[in-house]
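In: sharing a sequence plus its predicted fold:
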Amino acid sequence: MAIYTKEEAKKILEKALSFSKADTCEINLTGSNSGNIRYARNSVSTSGYSSNQTLVVQSSYGKKSGTATIDEFDDASLEKVVRRAEELAKLSPENPEFMEPLGPQTYDESISFNEATSNVSPEYRAEVAKSSIDPAAAKDVTAAGYFNDSDSFSAMMNSKGLFAYNRSTNTDFTVTMRTNDGTGSGWVSRDFNDISKFDAAEASRVAIDKAVMSREAKAIEPGKYTVILEPAAASDLLQNMFRSFDARSADEGRSFMSAPDGANKLGQKIVDERVTIWTDPLHPDVPTATWNGEGQPLQKRMFIENGVVKNLAYSRFWADKKGLDPVPFPSNGIMAGGDASLEDLIKSTKKGILVTRLWYIRSVDPQTLLYTGLTRDGTFYIENGQIKYPVKNFRFNESPIIMLNNLETLGKQVRIDGNLIPYMKIRDFTFTSLSDAV
Amino acid sequence: MKRRDFMQYAGMGAGALLMPSLLLGNNIPAEALLEPGMDTLLKKQLADVALNTAKSLGATYADARIGRYLNQYVFTREDKVQNVVNTESFGIGIRVIANGTWGFSSTNNVTDEGIKKATEKAVAIAKANSKIQKEPVVLAPVTGVGEVSWKTPIVKNFKDVPVSEKVDLLLSANAAAMANGANFVNSALFMVNEQKYFASTDGSYIDQDIHRIWPTFGVTAVDRTAGKFKTREAMSAPMGMGYEYMDGVASEKLEGPAGMKLYRNSYDIIEDATLAAQQAKEKLTAKSVDAGKYDLVLEPNHLGLTIHESVGHPLELDRVLGYEANYAGTSFATLDKWKSGDFKYGSDIVNLVADKTQVGSLGAVGFDDEGVKTKKWDLVRNGVLKNYQAIRDQVHMIDQNESHGCCYAQSWDDVQFQRMPNVSLEPGKEKYSIEQMIKDVKKGIYIAGRGSYSIDQQRYNFQFGGTVFYEIKDGKIVGMLDDVAYQSNTQEFWNSCVKICDESDYRLFGSFFDGKGQPSQVSAVSHGSSTARFNDVNVINTGRTI
């Protein structure tokens, strides 16, 4: 049993903290139960289950800190791990950027836990695999997929009086469907906190349909095209963009968020005015914990509003140095969408490409946030409001900043990878070469 | 450990160096790294508990891996130590075949009772999954080797070197970079020791002690007025060596073109950081490349990554067969191409070998993680595709009856599966130096070090950047270039290989955290080559204005 209730966690943390002799001490306690099943070639390949719990102690003397970890929580073990952290702290060099632990905080009650998800059984996982494999086999298609479910908690307490607790559940599912003649491939991804929202058969059907539809793709010339990016495709580029929302790198002059002469782009309009992106740990479709690993409260906060940069993430050290309030990194991303369905977006497109997902995305130039990567598992040519035929995959070289400046239409939002991202129609998306990959 | 947690250890913000996820265990004092692990005799007794329990429950095969994984990582930036991490992870993983199906379970409770329970779970999982199993496991035979041992041949054990000496070395390198015009420098030293005990129902009891090391840095130069910045990464390679790699021995240094300093089996981090700062500054004003076709002269510490992506991964048999279809993808190098016996992967001078025995390489071990003695074999000979990389439960699918010995698990609590061995390009047979190679090029680019890399899911179309680029005109280096990336197709690229320098230029590139599988596991692998020339490759300009 790796999951402790709030009261159980508090008791262990209080006990551990009672052994502390350091100037300050902060203790994190986490645990999870996690199960998975993996299948390929229309047959199950591996499955696993893991249950673990860890207690991490950080003890500090002045600006010298030591960290020690243990997975047994009897009194003797708790005392041992605290003493070890203290020994390590005394031996470690001073960290000039050390910040003292936070005092007591107020947190919103999170909604990230779902009882049904915590009860997923091995039989349920096997059924997920079966829901992909059977319909695939019936259509001369081969399924390869992965399903993972987890129930986890995290708690923290420190010598300044802070205590925080959260429990959350998650499920992740992806499946790739390949036609047996090797010319078509489709893919789908689903993730939820609440397992009751997940329908493995429905998701698998989407991937099978894409595989069958994408058979015998035609080659068309690379170049600049209007694209409809499914949320899975746009999400990867946006997540990469958000990794650069760090104020310190921007202020140091080594980020696309840096402005000439030592300034940063806070307050500047960097993308189309219809682009609004925020974080909200209490959003019912993408809930997360309401505090982070440092005990900072997480709340709804705007990052880009009407195209303007509203916030950069400030670490506690950097905020202190700049005389500002810290801004934690967002725990999820929510981008405002529109009313258009995928069908509407296709209907309104004279000539364009529908992109299911992007793959192997790597940074080419951090200065301009230029990324390269490829389309994968369902790329289609649209003409006069209709999907005409599947096309061969493209390599792209594009910056999410340029992409969000070339926004044509926003569609409905979909949850993908813990974020809420809309369908997007983008003009002049840059494809630089063709790939033979299916 | 997820990347986010790692960032906390590294004390880096999300905008700092991008590091992959990696393994960590419980934190321990540095001195505790030196404590001897469990006695071999006891490990044998405990492993036998797993094997006997599995057999008594009806398993037809079982193996047990008792692993102690020790890591020491040091992170610095400019004149500050960000973190020193010492970790230990200890436990046992048990894998069984029951009803023709794999089952796996692990525990850190390495006692008779803990092992029995974990083994029962592994057998239960195998039996449960056998109900939806359509391809019963077929294992290539292995003859038990009895009780044997193997060690990485190190000279200096990193655990004997005081942390203060390592910190001093990194801070000296940082200081050298700052003194030569860098605005920022992040440096890190990764050291790993895997103490692995493997036992199987085939009658093998194998004790191995494996060491790896990786010093690395990123030096950044900033032009605040123009709002521009450029980074130059280290020219080191992760190695299967001890701390002696950090000695900077003169005989292991090579003088490269355009003042490049290159390193074979010994690394001078202070010298490299000095040059890195100068080159990062030079990159700020380097000429932006004109897009077009160029002859590329690719330095081993660059070419290694291209080999990794365009040869290493597509020739993994599990990818070819579809086991990785949902994640990493499949492969263009399908069985029919291999069976034809004349598939031209590259030009006639291209010989690519897989090798799990090469001294100093990251992949070198005595036995793999399913007890198979390691070896060297041909993947491509005289340009023709000859073989794949396969393990015990796969080789029968390519009509072979001997595993290639490239099975690996990142830890005791992960199941072992097929991982890339070292894959290397053999040096040219004739005497031919890098100077001669550059002299022979009319319009070309010399590329050194790793940069941006991306390849499709069947490994046809790729795009690579690099660390530094120099323009070659009429046989001479004429200056530094920027905004360079090349795009090609794997088969076309390797068939455009026209010259390879001789063995005096041969060096290893390495990938310390290569990811594969679901859930994802990392492994470390080296790729050796000499500088090689590829004609008429498409170069694009990656400069943009936003």
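Out: Nice, I can see it. Nothing here was measured: the structure is a model prediction, and the numbers come from that model.

In: quick one: mean pLDDT over stretch A:11-31.
Out: Across stretch A:11-31, pLDDT averages out at 97.

In: is it anywhere near chain B?
Out: No. Looking at stretch A:11-31 against chain B by CB under 8 Å from any CB of the partner chain, there are no contacts, and the closest approach is 9.8 Å. Yep, even glycine has a C-beta here, placed from its N, CA and C like the rest.

In: ok and the residue in the stretch 251-400 of chain A nearest chain B?
Out: Scanning the stretch 251-400 of chain A for proximity to chain B using CB to the nearest CB identifies A:P260 as nearest, at 3.6 Å.

In: thinking B:E244 is in contact with B:P153, fair?
Out: No. B:E244 is beyond contact range of B:P153, at 10.4 Å (criterion: CB atoms under 8 Å).

In: those two: which has the busier surroundings?
Out: B:E244 (17 against 12; other CB atoms under 10 Å in any protein chain shown).

In: mean confidence for stretch B:323-340?
Out: Model confidence over stretch B:323-340, given as mean pLDDT, is 97.

In: contacts only, for A:S315.
Out: Taking CB atoms under 8 Å, 6 or more residues apart in numbering or on different chains as the criterion, A:S315 is in contact with A:D246, A:A247, A:R248, A:P326, B:G13.

In: let me see the contact set for the residue lying closest to the residue of the stretch 251-400 of chain A closest to chain B once chain neighbours are set aside.
Out: Ranked by CB to CB, 6 or more residues apart in numbering or on different chains and with sequence neighbours excluded, the top spatial neighbour of A:P260 is B:G227, at 3.6 Å. Listed by CB under 8 Å, 6+ apart, the contact partners of B:G227 are A:G253, A:S258, A:A259, A:P260, A:D261.

In: which of the residues you listed has the most neighbours?
Out: Highest count within the contacts of B:G227 by other CB under 10 Å belongs to A:G253, 25 neighbours.

In: still on that earlier bit, tabulate the contacts of B:G227 (a markdown table), appending pLDDT and secondary structure.
Out: Shown next, in a markdown table, are these (pLDDT from 0 to 100; DSSP: H, G, I helix; E, B strand; the rest coil):
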| residue | pLDDT | secondary structure |
| --- | --- | --- |
| A:G253 | 94 | coil |
| A:S258 | 94 | strand |
| A:A259 | 91 | coil |
| A:P260 | 86 | helix |
| A:D261 | 82 | helix |
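
In: tell me how the chain divides into domains.
Out: This is for chain A. Domains of chain A are assigned by automatic domain parsing as A:6-211, A:217-245+A:267-311+A:330-438.

In: my question was about chain B
Out: Under the assignment automatic domain parsing, the domains of chain B span B:3-285, B:288-541.

In: which of those domains sits most buried?
Out: domain B:288-541 (a mean of 21; mean count of other CB atoms under 10 Å in any protein chain shown).

In: tell me if that domain is near chain A.
Out: Yes. With CB under 8 Å from any CB as the threshold, domain B:288-541 lies in contact with chain A, specifically through B:321-327, B:329-330, B:332, B:334, B:413, B:415, B:452-461, B:463, B:465, B:483, B:485, B:487, B:489, B:518-519, B:538, B:540.

In: what about those residues, which are in strands?
Out: For the residues of domain B:288-541 next to chain A, membership in strands holds for B:Y453, B:S454, B:I455, B:N461, B:Q463, B:A485, B:Q487, B:N489, B:N538, B:I540, with DSSP state E as the criterion.

In: kindly report the residues of the stretch 101-250 of chain B close to chain A.
Out: With CB under 8 Å from any CB as the criterion, the stretch 101-250 of chain B meets chain A at residues B:102, B:104-106, B:108, B:121, B:125, B:128-129, B:131-135, B:167, B:183-184, B:220, B:222, B:224-229, B:231.
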